[in-house]
Structure formats: C-alpha cells, structure tokens
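Asks: Attaching a predicted model along with its sequence, questions to come.
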Amino acid sequence: MTMKVDVVLFCCMLIFFTRCEVPSELTCRKGWTKLDTRCYLFVATQNSWQDGQQSCRETDAELVSISNEKEYELLQDHLFKTYPVLKRWWLGLSRDVTETIHAWKWLDGSEFDNEITPWSDSSQPSLTGQRAGLAEITSNKIRVSAENMDSPENLICERPLENVTTTTASTSPATSSTTTAVAITTTSLEITTSQVITTTSATTNITTAATTIPATPSTPVTTVTSATTSTPKTLTSSVTRTIIDAMRTTTLKVRLELRSYF
C-alpha cells in the first residue's frame, strides 16, 4: 500500500515540475537595455525627429522623456560608456506651438525642467522654426539643444518594463495534454509517455495510471488507480534526485529499487 501511494505522489510531483510556469518578472525585450525601471533602445541610425518618433511607435515605444535626475544620470553614463563616438541623439522633447509661450514639453506630457536636463546655452529655447530636443554629449555631460526637426540624428526609444512568463521545457510535444504510463517490475519503476494526464488550475487529475506486471507465480499484479491529488509535502531524497534528472531529459525514465517491497 505504501508503495502505491509513493507512485501516485511521484507522478504528481513529476507533472508539477515538468509542466509548471516560472513566475513572471519585469524585464525588457531582446535588444533593449534595462536601466532601472525602464527599457531603452539606442538606434544608431540617423533619422529626422518625426521619422524617429514613428520608428519608436512601431515598437510600442516613444522617443525618450527624461523625467528625473536619476534617469538623466543613467542615460548619460550609458551613452558615455557604450557609445563614446556618437554625440547627438534625438529626445522626446518638442515645443508646444499651441501655447502662447511655446513651452517645451516631453512626449509623456511632463514639463521640461532645465534643472534636470540643462540647455547647451541660454539661447536654445527661444530659437524659431520647427525644432525638437536633441541630446548633445559635451564633456561627458548631456546638454539639450533645440535642433531643426529635419536634421538626421541618432535616437533613443523608451518603453516600460514588461511581464514575461516562461514555461519550463516539457518532456513531450506541446499539446493540450501530456501522456504518461506507469510500469512496475520487481526491480524498477519506469515512466514513459503513454498515459493521459490532464492539468487544471485547481488540481492535477491522473487518468488511468495503471499497468500490469508480467504474470509469474511470485510476482503480484500491481495497479495504480486514478486519483486527484495536490502536491505532496515530502518525497524521499532518491525520488527528488530522479525528478531533477528527469527534467533534463526528453524521455522520462526512473528506476526505484523495490526489493524491500517484494
């Protein structure tokens, strides 16, 4: 009876470890750079300000808005270390011509703060024409210039971190169900892919996990009945090691010594 229970518990743990999902985490897409709580894409291809903004939006992003001193320092340090030769980058900063004073605003709607991102010189904010904010790296510092929007420059896109959920590799092809069979012999327990197991959000249903040992006068017939169970609290060290090994292979094969049982 004890061995039957161990087999059922083992099957449940096997399903749990081979079909579980890794908890989601906040990260950036491939090719993007994570700086604190934001993702950045540094595009070293020259575009006008309008074309640069369109390119960012095609990746669900915007030209970067520098909203605080920490972000300013992180970008400044990254540009200096990673792109020491490239000195000019489009920012998500433009002049709001709908307002009387033609105020400069970031694309995220926040007001431009000269204390956080200083102008390259005092004449920049009052220059006329269709202009946008350009980050110029001068003496390893970011300074903002009011550049003509048609000027071809590099650009920086910005977007939030994303929730990314990864699923551990399954031991069978990706289908709506996973199959497993249990075979007990006098010396080992082998698990292969031939028995249907259906997983729900609340419980793990093991469907007809049964097989028969070759009939001999001294060998009893052992059947593992179908069961619905939750994850067991404890497993022996040998079973735990077997689960870890099984996760690293494409064929699940486990041998448990049953001499004491027989």
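Replies: Happy to help now that I have it. Numbering: from 1, shown residues only.
Asks: can you map out the helices along this protein?
Replies: In the chain, helices defined by DSSP state H lie at 2-19, 49-57, 69-82, 237-247, listed in chain order.
Asks: And the strands in the chain?
Replies: Ranges of strands in the chain, per DSSP state E, are 21-27, 33-35, 38-47, 62-63, 88-95, 104-106, 131-138, 141-148, 153-160, 162-167, 178-184, 189-199, 204-206, 227-229.
Asks: Please report the distance of the nearest residue to residue 124 once chain neighbours are set aside from residue 161.
Replies: Of all residues not flanking residue 124 in the chain, residue 146 sits nearest, at 4.5 Å (Cβ to Cβ, 6 or more residues apart in numbering). All C-beta spots, glycine's among them, are computed from the backbone N, C-alpha and C. Going from residue 146 to residue 161 by Cβ to Cβ, to the nearest Å gives 31 Å.
Asks: pLDDT weak spots in the stretch 1-150 of the chain?
Replies: Scanning the stretch 1-150 of the chain for pLDDT under 70 picks out the ranges 1-24, 97-102.
Asks: Run through the bridge partners of the nearest residue to residue 52 once chain neighbours are set aside.
Replies: Distances taken as Cβ to Cβ, 6+ apart place residue 155 nearest to residue 52, at 3.8 Å, with adjacent residues excluded. Counting by DSSP bridges, residue 155 forms beta bridges with residue 43, residue 90.
Asks: Residue 155: neighbour count?
Replies: As a burial measure, residue 155 scores 27 neighbours (other Cβ atoms under 10 Å).
Asks: same question, residue 140
Replies: Other residues near residue 140 come to 11 when the count uses other Cβ under 10 Å.
Asks: Check residue 30 too.
Replies: 5.
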